[in-house]
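>>> With the input below, show me the fold.
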Amino acid sequence: MISKDVAVCLEGGLEARPLAMLVQIAGKYSSAISFESQGRKVNGKSIMGMMTLGLDEGDSVNVIVDGADEREALNEIEKYLRAGK
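Okay, the predicted model is just below:
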């Protein structure tokens with residue numbers, strides 16, 4: 001299991017379209033993927049769960065990945081979240 005705090009650099013934060021893309025990225029991997037912010041932890045492959053985090057541009061989120069392809073998953077998720085930088 002690995003985890004990393006990542007800043008959301010996407011302009012406008014994780015609104016509907018960027019959030020759907022993030023969930024799609026997470027879904028490509030066999031690893032369990034969770035996001036934790038402000039004391040809430042949700043399944044990164046659940047669009048409804050992810051929506052409850054309400055992540056805005058500049059917010060930090062802890063990405064937790066556990067599984068065979070965890071490094072690849074974390075790297076792609078981090079790259080996506082930092083795309084606006």
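>>> Please look at Cys9 and Ala83 and confirm they touch.
Yes. Shown here, Cys9 and Ala83 form a contact pair, counting by CB atoms under 8 Å, at 6.6 Å. Yep, even glycine has a C-beta here, placed from its N, CA and C like the rest.
>>> okay, now the residue nearest to Gly27 when sequence neighbours are not counted: neighbour count?
Distance criterion CB to CB, 6 or more residues apart in numbering; nearest residue to Gly27, sequence neighbours excluded, is Lys45 at 5.2 Å. Residues lying near Lys45 (other CB atoms under 10 Å) number 19.
>>> so how far is the first residue of stretch 55-71 from its last?
Counting by CA to CA, to the nearest Å, you get 23 Å between the two ends of stretch 55-71.
>>> What are the buried residues along it?
Leu55, Asp59, Val61, Val63, Ile64, Val65, Glu70 (16 or more other CB atoms under 10 Å).
>>> Check which helices and strands the particular helix or strand that has Ala26 in it is in contact with.
Per DSSP states H and E, Ala26 falls inside helix 16-27. Secondary-structure packing of helix 16-27 (3 or more CB pairs under 8 Å, 6 or more residues apart in numbering; DSSP states H and E): helix 47-51, helix 70-81.
>>> so what secondary structure elements neighbour the first one?
Same thing as helix 47-51. Using 3+ CB pairs under 8 Å, 6+ apart, helix 47-51 sits against helix 16-27, strand 40-43.
>>> The last one - which strands sit beside it in the sheet, and in what orientation?
Take DSSP bridges as the rule and strand 40-43 pairs in its sheet with strand 32-37 (antiparallel).
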